[in-house]
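Engineer: Test case, fold it:
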Amino acid sequence: MVRLKDIAYQAGVSIMTVSKALRDAKDISVATKARIQQMAQEMGYVPDAAAAGLRTRSTRLLGLIIPTLTNPIFSRMMMAIEEWAYQHGYAVLLMHSHNDPAREEQCIRRLLSRRVDGLFISPAARMESSAAIYEELQRGTTPVVILGSRAKFCAGFLAVENDDAAAAASVTRHLLELGHRRIAFFAGPQVSTWAQDRFTGYKKALREARVEFDDRLVFPAGATIEEGEKAALQFLQESTGATAVQAINDLVAIGAANVLLQQGVRIPQDISLTGFGNVLVGEHFRVPLTTVRQPKFRLGVAAMEVMLAKLRSGKAESKRLPADLLIRQSTAAPGKPQPGS
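Structural biologist: Numbers count the residues shown, from 1 in each chain. Got it, this is the predicted structure:
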């Protein structure tokens with residue numbers, strides 16, 4: 001490994017002069033600086049980031065913890081965070097929690113041990129209203145930006161999120177405006193704040209339209225294609241009279257659509273179907289999916305803006321971004337009642 005003293009020996013200058021040249025210090029001539037920098041590059045010198053971090057108290061590293069990169073929502077968000085971090089001289093260390101609180105805690109501790117300048121976290125869902133690791137982060141000095149809706153255990157942190165309740169309400173209103181009055185809801189994980197917010201939006205739109213909420217129209221569906229398939233099978237077995245299904249996200253909607261179509265249920269002639277998230281497969285599904293377009297890339301950009309403001313001045317504010325309704329071919333006016341009703 002090439003060291004500063006190796007460059008100094010080769011250039012015939014002091015180690016201090018080399019250090020100043022590589023730090024682009026002003027009290028050294030332009031010619032000497034250019035010569036030493038060129039020599040360092042030719043010799044393959046790589047700065048010791050850890051040593052530099054000790055001097056500056058900044059590692060220029062940011063930690064990012066998400067459940068899994070296979071979720072297309074996080075892939076776009078991470079792309080934005082990484083790109084903006086790069087433009088501002090930061091590198092991003094990515095870790096996956098797999099939505100496991102214990103693993104998430106280990107990820108947090110490992111990133112803190114690397115002395116990251118800041119943390120982005122999409123929290124693992126918990127039933128508890130408090131979490132020791134988040135209380136520890138609250139007492140610490142490392143800035144934290146929560147990605148997504150804040151649960152009680154992380155309510156005290158800065159956050160960047162969608163207005164999920166308002167977006168879900170817009171989906172329900174769209175179905176109501178088409179003439180649907182029996183709208184089934186394929187609900188997400190009960191411990192997830194984002195799922196609770198979307199369910200709240202659904203109920204709010206029904207209430208505003210003076211349509212009575214019916215808990216027999218609510219089916220547990222999780223967040224995956226497989227869970228959407230299971231919910232659709234249960235839906236078909238029960239006589240609900242529903243003419244539309246509002247799914248908690250696009251993956252659940254696609255899983256539900258697979259089962260409905262296999263059973264001969266036409267979309268949207270027999271059942272209208274909506275999702276949430278605007279993942280790529282939804283647009284190119286057999287029946288293009290009416291959904292909510294989450295501003296995934298803009299969420300990542302907003303998260304970096306909040307983090308940079310916090311790092312520079314110690315002051316920053318949370319951001320909530322609106323999401324747009326995208327109407328495609330999976331919704332239409334009510335047709336015949338649900339099979340079996």
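Engineer: so which strand or helix has the closest residue to Arg286 other than its chain neighbours?
Structural biologist: Among residues not flanking Arg286 along the chain, Leu261 sits closest, at 6.9 Å (Cβ to Cβ, 6 or more residues apart in numbering). From N, CA and C alone the C-beta is placed, and that goes for glycine too. Element membership for Leu261 (DSSP states H and E) is helix 250-262.
Engineer: Tell me the helix or strand right after that helix.
Structural biologist: For helix 250-262, the following helix or strand on the C-terminal side (DSSP H and E) is strand 272-274.
Engineer: Just the residues contacting that following strand, thanks.
Structural biologist: Strand 272-274 is contacted from outside by 171, 174-175, 178, 180, 243-247, 253, 256-257, 260, 267, 287, 289-291, 330-332, 334, using Cβ atoms under 8 Å, 6 or more residues apart in numbering.
Engineer: my guess is the residue nearest to Arg286 contacts Asp270, does it?
Structural biologist: No - using Cβ atoms under 8 Å, Leu261 makes no contact with Asp270, being 10.2 Å away.
Engineer: Okay, the residue nearest to Arg286 and Trp194: tell me how far apart.
Structural biologist: Using Cβ to Cβ, to the nearest Å, we find Leu261 at a distance of 27 Å from Trp194.
Engineer: more crowded one of those two?
Structural biologist: Neighbour count, other Cβ atoms under 10 Å: between Leu261 and Trp194, Trp194 has more, with 24 against 17.
Engineer: and that one, helix, strand or coil?
Structural biologist: At Trp194 the chain is in helix, as set by DSSP: H, G, I helix; E, B strand; the rest coil.
Engineer: Find me the pLDDT at the nearest residue in space to Ser58 that is not next to it in sequence, would you?
Structural biologist: In space, Ser58 comes closest to Asp117 once its chain neighbours are excluded; the distance is 5.6 Å by Cβ to Cβ, 6+ apart. Asp117 is assigned a predicted lDDT (pLDDT) of 95.
Engineer: Equivalent analysis for Ala49, please.
Structural biologist: 56.
Engineer: in this structure, which spans are strands?
Structural biologist: Using DSSP state E, the strands of the chain run over 61-66, 91-96, 118-121, 144-147, 158-162, 183-187, 218-220, 244-247, 272-274, 291-293, 319-321, 324-326.
Engineer: Please work out which of those is packed deepest.
Structural biologist: Mean neighbours per residue, mean count of other Cβ atoms under 10 Å, is largest over the strands of the chain for strand 244-247, with a mean of 30.
Engineer: Can you tell me what sits against it?
Structural biologist: With Cβ under 8 Å, 6+ apart, strand 244-247 has contacts from 168, 171-172, 175, 178, 180, 182-186, 202, 221, 228, 232, 235, 253, 256, 271-276, 331, 334.
Engineer: again, but for stretch 293-307
Structural biologist: By Cβ under 8 Å, 6+ apart, the surrounding residues in contact with stretch 293-307 are 62, 72-73, 76-81, 84-85, 88, 118, 120, 143, 145, 147, 158, 160-162, 167, 276-278, 316-319, 321-326.
Engineer: Buried ones in that stretch, by neighbour count?
Structural biologist: For stretch 293-307, the buried set under the neighbour-count rule, 16 or more other Cβ atoms under 10 Å, comprises Gln294, Pro295, Lys296, Arg298, Leu299, Gly300, Val301, Ala302, Ala303, Met304, Val306, Met307.
Engineer: Now that stretch: average pLDDT?
Structural biologist: Stretch 293-307 shows a mean pLDDT of 93.
Engineer: Tell me how far that stretch lies from the chain's centre.
Structural biologist: 9 Å (Cα atoms, centre = their mean, to the nearest Å).
Engineer: what's the answer for stretch 106-114, then?
Structural biologist: Centroid separation between stretch 106-114 and its chain, computed with Cα atoms, centre = their mean, is 20 Å.
Engineer: which residues of the stretch 1-150 of the chain score low on pLDDT?
Structural biologist: Scanning the stretch 1-150 of the chain for pLDDT under 70 picks out 48-57.
Engineer: what are the ranges of the helices in it?
Structural biologist: For the stretch 1-150 of the chain, the helices defined by DSSP state H, counting those that start in this stretch cover 4-11, 15-22, 30-43, 49-56, 72-87, 101-113, 132-139.
Engineer: Select, out of these, the one closest to Ala124.
Structural biologist: helix 101-113 (4.4 Å; Cβ to Cβ).
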